[in-house]
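In: could you work out the structure for the sequence below:
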Amino acid sequence: MSGHSKWSTIKRKKAKVDAQRGKIFTKLIREIVVAAKEGGGDPESNPRLRTAIQNARENNMPMDNIEKAIRRGTGELPGVTYEACTFEGYAPGGVAILVEALTDNKNRTSAEVRHLFTRHGGHLGEPNSVSYMFEKKGIIVIDQSQADEEKVYEIALENGAEDVKTEGGVFEVLCSPEAFEELRGKFKEESISYQLAEISLYPKTTVKLDKDGAVKVLKLVSALEDLDDTQNVSANFDISDDILKEIESDI
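Out: Reported below is the predicted structural model:
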């Protein structure tokens, strides 16, 4: 597996801390601004904006903040201009990492990302050095204790899911980006809560890590995610449930 489902529990705990610091709002607002700038301020005709607004609502962002971010994106309100950029590299053990960022200063962000890779024993690569190892997917992770297996499979297969994996106490539902919104909506309609629901880069192959390697890789991933400009971090690690449980407090 990709580590998405195993990593989601830690990410959810980190998200609560980020929310307390207001950091998660910063990331969500940037995504709304860029989505509105690129595709217009009407969520009905702008799927990226529609998804960004849904994510903001799920994180309890006030509608006033959402509306202001949209108006900044469409130019109705003044604001910072953000540029999308991607950084590709390798963590210790040969794990491929791809960082997606939105920044108002690409040189600053590039220096910060490079510093973290070096500090944690990895290195940045050239453009397209690892991106071919990933493909964009909609990913919904559901705790098996919170949902009936038959119901999850029924909803998934009837609403565009490509695959459902069961491992580590969760269902990991995969779909195309185009099917993501409808599929997520169906789970919400059935009152099935999820740990993680996002469109992100899913690895085609994975690298299995031992305990030492897992600690090194997750510390790098965590540090990259903590950067203000980072929107998403994708990696192709595979860590066993036992190792992840053992090292969770160290990450």
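In: part of a strand, is V141?
Out: Yes - counting by DSSP: H, G, I helix; E, B strand; the rest coil, V141 is part of a strand.
In: wait, it sits on S193?
Out: No - using Cβ atoms under 8 Å, V141 makes no contact with S193, being 10.6 Å away. The C-beta positions use only the backbone N, C-alpha and C, and glycine is treated the same way.
In: which of those two has more neighbours?
Out: V141 (23 against 11; other Cβ atoms under 10 Å).
In: gap between the spatially closest residue to that one that is not a sequence neighbour and V34?
Out: In space, and not counting its chain neighbours, V141 is closest to L196: 4.1 Å by Cβ to Cβ, 6 or more residues apart in numbering. Distance from L196 to V34, counting by Cβ to Cβ, to the nearest Å: 22 Å.
In: again with D228
Out: 15 Å.
In: comparing those two, which residue is more hemmed in?
Out: Legend: neighbour count by other Cβ under 10 Å for D228 and V34, higher for V34 (21 against 13).
In: the more buried one sits in which helix or strand?
Out: helix 23-39 (DSSP states H and E).
In: need the next SSE after the helix or strand harbouring E181, C-terminal direction.
Out: Here E181, judged by DSSP H and E, is contained in helix 177-189. Note on helix 177-189: by DSSP H and E, the next helix or strand toward the C-terminus is strand 196-203.
In: let me know the average pLDDT across that following strand.
Out: The average pLDDT within strand 196-203 is 86.
In: stretch 129-143 too?
Out: Per-residue scores along stretch 129-143 average to 92.
In: three-state assignment of G93?
Out: Secondary structure for G93, judged by three-state DSSP, is helix.
In: quick check: the gap between the nearest residue to it once chain neighbours are set aside and I53.
Out: Nearest residue to G93 in three dimensions, chain neighbours excluded: G213, at 4.2 Å (Cβ to Cβ, 6+ apart). As judged by Cβ to Cβ, G213 and I53 stand 38 Å apart.
In: ok, the two, which is more surrounded?
Out: Comparing G213 with I53 by other Cβ under 10 Å, the one with more neighbours is I53, at 23 against 19.
In: shaky segments in the stretch 101-250 of the chain?
Out: Along the stretch 101-250 of the chain, the parts satisfying pLDDT under 70 run over 250.
In: ranges for the helices of it?
Out: For the stretch 101-250 of the chain, helices defined by DSSP state H, counting those that start in this stretch occupy the ranges 106-119, 149-158, 177-189, 211-226, 241-247.
In: so how far is the last one from its chain's centroid?
Out: I take that to be helix 241-247. Relative to its chain's centre, helix 241-247 lies at 21 Å (Cα atoms, centre = their mean, to the nearest Å).
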